[in-house]
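Undergrad: below are the sequence and a predicted model for it; my questions follow.
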Amino acid sequence: MNHTQPLTFRPTDPGYEDELSGFQTGFTQRPAVIHGARSADDVIAAVRYAAAEDLPVGVQATGHGLPGGSEGGVLITTKRMDGVSVDPEARTVRVQAGVRWGQVVAAAQPHGLAPLNGSAPSVGAVSYTLSGGLGILAREFGYAADHVRSLDVVTADGRLRRVTRESEPDLYWALLGAGHAFGVVTELEIDLVPVRTLYGGSLAFDGREVDPTALLRAYEEWTRTVPDELTSSFAAVPYPDIPALPPHLRGRYVLSVRVAYTGSGDKGAQLVAPLREFGPVLADSLREMPYTESHTIHSDPPTPHTYYGDSAVVSELDVARMDEVLALAGPDAADGMCVVQVNHLGGALARPAPNSVPYREGRFLVRMLAVGEREAARARLDPAFALLAPATLGRAVNFAFGAGDRTEGLYDTETRKRLAELKSTYDPANLFRRNCLVSAAC
């Protein structure tokens, strides 16, 4: 087989279903053709084919999010493009389009460096970054998108461009925040940070013994006292009583505060001491750890499944309204498991940057994720987010799991207007339909 041609799968071909599969097992699309890219040349060939056939293009690396825009069109899978190259002197790493964060963490740590990755090592580094990238060290260092040196991207005209802030500032700005609407990014060069160890983990409480709203109120008050070097989140998870779960989680309503602090262990223990005093602790995993163990802070599930989720960036956390949200999502609610997570924002996240990541003034991000089918999950989550509307600035692209078909609120008015103008320049035929919000053609 000629290496300049991508692997091609059509619906009746062997291997089509395997190529389409990813971490998200629900809400899949049915592209007319899948191109399995192994290089930037393969991506160029696939984009040119789609343009010639007037077919929409979607991109998928790990499949944590939906391969938007590929229904009946072309899906480019990038999982075979898995090159990682660290420059320890420059404190940068180059990652290809199919690389997962776990690979980057492992490659950076021998040099005493760390990427601005998220909580799950199986998430694709490129898509995460193009949508902002809210990581476990976010309050100290900002969004992952804020630390991109360059992007190699195949645009709608079939050209491979190396885009920097200096060479193409408009395209650079658009890619970092709405990237999939402007092309297929084949490689990123991003900053690494000098973090070898951290103080992190979680404090877990039994939600049937501890008042969830009271704990959330204590958490909100506690976040007003912590330095930018500490990034944290609150979570409420009603675990089902099923054999697949560890015995200590089966049937429990677990409330937890997850912490990542880059200072000393002694100082970290002092900072979290007020939370330990809140009530009896179900589990305590806070400790000094090598950065390679940072994924244990959240311990996200590694098994592919069906889920639907959305988010609200809020100016303040109205705990009274959150009491109603927790009730809608808690263990006594019907229609399956629903997770609520509240991320503390601010710090470096509030600093301006030359990209299109919006809502930097937000103080918290409220995320909800329901396991199960879209319509049932949406019927459960929509009323909860309606409760938060008075303080809601908008939604986060990274956390619209299956909800990306609803484009309202993903960008503020001015950002949306500028993105639409740039879309008409770089993709006037709307080849990349991942985010219809930025195109008048949708």
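TA: Nice, thanks for sending it over. Residues are numbered from 1 along each chain as shown.
Undergrad: doesn't residue 76 belong to a helix?
TA: No. Under DSSP: H, G, I helix; E, B strand; the rest coil, residue 76 falls outside any helix and is assigned strand.
Undergrad: surely it and residue 59 touch.
TA: Yes. Assessed by C-beta atoms under 8 Å, residue 76 is found in contact with residue 59 at 5.1 Å. Where you see a C-beta, it was placed from the backbone N, CA and C, and this is true even at glycine.
Undergrad: what's the helix or strand bottoming out on mean pLDDT in the chain in contact with?
TA: Among the helices and strands of the chain, helix 374-387 carries the lowest confidence by mean pLDDT, DSSP states H and E, at a mean of 89. The set of residues external to helix 374-387 that reach it, using C-beta atoms under 8 Å, 6 or more residues apart in numbering, is 26-27, 307-310, 312, 321, 324-325, 328-329, 333, 335-336, 338, 366, 368, 370-371, 392, 402-403.
Undergrad: buried residues in that helix?
TA: 374, 377, 378, 380, 381, 384, 385, 387 (16 or more other C-beta atoms under 10 Å).
Undergrad: in space, what's closest to the last one - neighbours in sequence excluded?
TA: Taking C-beta to C-beta, 6 or more residues apart in numbering, and ignoring the residues beside it in sequence, residue 387 has residue 321 as its nearest neighbour in space, at 4.8 Å.
Undergrad: so which elements touch the host helix or strand of that neighbour?
TA: Assessed by DSSP states H and E, residue 321 sits inside helix 319-329. Applying 3 or more C-beta pairs under 8 Å, 6 or more residues apart in numbering; DSSP states H and E, one finds that helix 319-329 contacts helix 212-223, strand 230-238, strand 338-344, strand 364-371, helix 374-387.
Undergrad: pLDDT averaged over the first one - what is it?
TA: Which is helix 212-223. For helix 212-223, the mean pLDDT works out to 97.
Undergrad: and the strands in the stretch 151-300 of the chain?
TA: With strands called from DSSP state E, counting those that start in this stretch, the stretch 151-300 of the chain shows them at 160-163, 184-191, 197-206, 230-238, 253-261, 283-284, 287-290.
Undergrad: and these as CSV, adding mean neighbour count?
TA: Below are the strands of the stretch 151-300 of the chain laid out as CSV (neighbours: other C-beta atoms under 10 Å):
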stretch, mean neighbour count
strand 160-163, 18
strand 184-191, 23
strand 197-206, 22
strand 230-238, 24
strand 253-261, 24
strand 283-284, 13
strand 287-290, 15
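Undergrad: for the ones you listed, which one sits closest to residue 39?
TA: Proximity to residue 39, assessed across these by C-beta to C-beta, is greatest for strand 184-191 (8.0 Å).
Undergrad: pLDDT averaged over that closest one, what's the number?
TA: Strand 184-191 shows a mean pLDDT of 98.
Undergrad: just the residues contacting that strand, thanks.
TA: Here strand 184-191 makes contact (C-beta under 8 Å, 6+ apart) with 37, 40, 43, 46-47, 57, 59, 76, 78, 81, 83, 91-97, 115-116, 125-126, 129-130, 144, 147-154, 160, 175, 179, 432.
Undergrad: which regions of this protein lie under the pLDDT threshold?
TA: For the chain, the stretches flagged by pLDDT under 70 are 1-6, 66-69, 334-335, 403-405, 434-442.
Undergrad: about what we covered before: burial count for the residue nearest to residue 387?
TA: Neighbour count for residue 321, taken as other C-beta atoms under 10 Å: 18.
Undergrad: isn't it up against residue 389?
TA: No. At 9.2 Å, residue 321 does not count as touching residue 389 under the criterion of C-beta under 8 Å.
Undergrad: turn the strands of the stretch 151-300 of the chain into CSV, including distance to residue 87.
TA: Below are those laid out as CSV (distance: least, C-beta to C-beta, whole Å):
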stretch, distance to residue 87
strand 160-163, 16
strand 184-191, 9
strand 197-206, 22
strand 230-238, 26
strand 253-261, 25
strand 283-284, 38
strand 287-290, 21
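Undergrad: and residue 12, which of the ones you listed is closest to it?
TA: Nearest of these (C-beta to C-beta): strand 184-191, 25.3 Å.
Undergrad: how far away is the residue nearest to the spatial centre of the chain from residue 129?
TA: For the chain, the residue sitting closest to the mean C-alpha position, by C-alpha atoms, centre = their mean, is residue 398 at 3.9 Å. Counting by C-beta to C-beta, to the nearest Å, the separation of residue 398 from residue 129 is 10 Å.
Undergrad: mind checking what secondary structure residue 95 has?
TA: Residue 95 is classified as strand under three-state DSSP.
Undergrad: contacts only, for it.
TA: 83, 84, 103, 104, 125, 126, 187, 188, 190.
Undergrad: and of these, the nearest to residue 317?
TA: Within the contacts of residue 95, proximity to residue 317 (C-beta to C-beta) peaks at residue 125, which comes in at 29.8 Å.
Undergrad: how about the contacts made by the closest one?
TA: Residue 125 sits next to 95, 99, 100, 101, 103, 104, 115, 117, 188, 190 when contact means C-beta under 8 Å, 6+ apart.
Undergrad: nearest to residue 289, of these?
TA: Residue 289 lies nearest to residue 117 out of those, by C-beta to C-beta, at 14.6 Å.
Undergrad: comparing residue 76 and residue 59, which shows the higher neighbour count?
TA: Neighbours were counted for residue 76 and for residue 59 using other C-beta under 10 Å; residue 59 has more, 31 against 28.
Undergrad: wait, that one sits on residue 74?
TA: No. With contact defined as C-beta under 8 Å, residue 59 does not reach residue 74; the gap is 9.6 Å.
Undergrad: re the thing from before, export the contacts of residue 125 to JSON lines and tack on distance to residue 70?
TA: JSON lines is the format used below for these (distance: C-beta to C-beta, whole Å):
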{"residue": "95", "distance to residue 70": "23"}
{"residue": "99", "distance to residue 70": "21"}
{"residue": "100", "distance to residue 70": "21"}
{"residue": "101", "distance to residue 70": "23"}
{"residue": "103", "distance to residue 70": "25"}
{"residue": "104", "distance to residue 70": "26"}
{"residue": "115", "distance to residue 70": "28"}
{"residue": "117", "distance to residue 70": "26"}
{"residue": "188", "distance to residue 70": "22"}
{"residue": "190", "distance to residue 70": "26"}
